[in-house]
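Trainee: Quick one: sequence and predicted model below, then my questions.
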Amino acid sequence: MIDQRLVFARHLEAPQFDAATAPALPVASWPKPRLEKAYRNYAMEYVRTSAPVMVQLFGPEDAGYLLHLTGKLIGMQYFDEVARGFSSDRGTAKDFAAFVCALCEAQDDAVGINESGGAFEIRQQTWKMMADVADYHAACAKVLEGLFEGLAAGCGRRIGISLTSAAGGMPPFVWSIG
């Protein structure tokens, strides 16, 4: 909900934080799948909320640059951890394309893959994470572009990846890998 978003108001000061009185979830007793889902949902909601706010604060060009850079750094840093979660590793361009498809499918996005002469084209038909964000701007897609570029760099195999999107930065996204 747009009225429940984090608001940046420079004229206001936050109250002092007291860890003893802050609410806490009983995560120690949660089963691992529930905890993993909570972490995933938090991360996805963070992007859903922060990307449009960045566009509002910095404008589309600067926000797009910052979102792309942030996504890329995250992808490079977390490739090994994310790949392990998909039982993947630092393989070939074909392996990386399969990894990208699995990652998109894990986000509940519809994807298809085509191979031609050792190069791969992945069509991401949806981006459900941002589908119902009212103030979505094309620059928001830069975080996804940067993330996948970072994952490709983190793979360490010099695998090139590029994104082509529909008008307005909305799906379908076409990822060229190879």
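Mentor: Sure, I can see it.

Trainee: show me where this structure has helices.
Mentor: All helices of the chain, identified by DSSP state H, fall at 32-58, 60-85, 93-106, 142-155.

Trainee: Would you mind giving those as TSV with mean pLDDT added?
Mentor: Shown next, in TSV, are the helices of the chain (pLDDT from 0 to 100):
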stretch	mean pLDDT
helix 32-58	91
helix 60-85	96
helix 93-106	94
helix 142-155	94
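
Trainee: ranking those by burial, who's on top?
Mentor: When you average the neighbours per residue for each of the helices of the chain (mean count of other C-beta atoms under 10 Å), helix 142-155 leads with a mean of 23. C-beta here means a position set from N, CA and C on the backbone, and glycine is covered the same way.

Trainee: any idea which residue sits dead centre in this protein?
Mentor: residue 144 (4.8 Å; C-alpha atoms, centre = their mean).

Trainee: That one and residue 170 touch, don't they?
Mentor: No: counting by C-beta atoms under 8 Å, residue 144 stays clear of residue 170, with 11.4 Å between them.

Trainee: which residues are common contacts for the two?
Mentor: Jointly contacting residue 144 and residue 170 under the rule C-beta atoms under 8 Å, 6 or more residues apart in numbering are residue 127.

Trainee: follow-up on the earlier one: quick one: closest of the helices of the chain to residue 19.
Mentor: Nearest of the helices of the chain to residue 19, taken as C-beta to C-beta: helix 32-58 at 18.4 Å.
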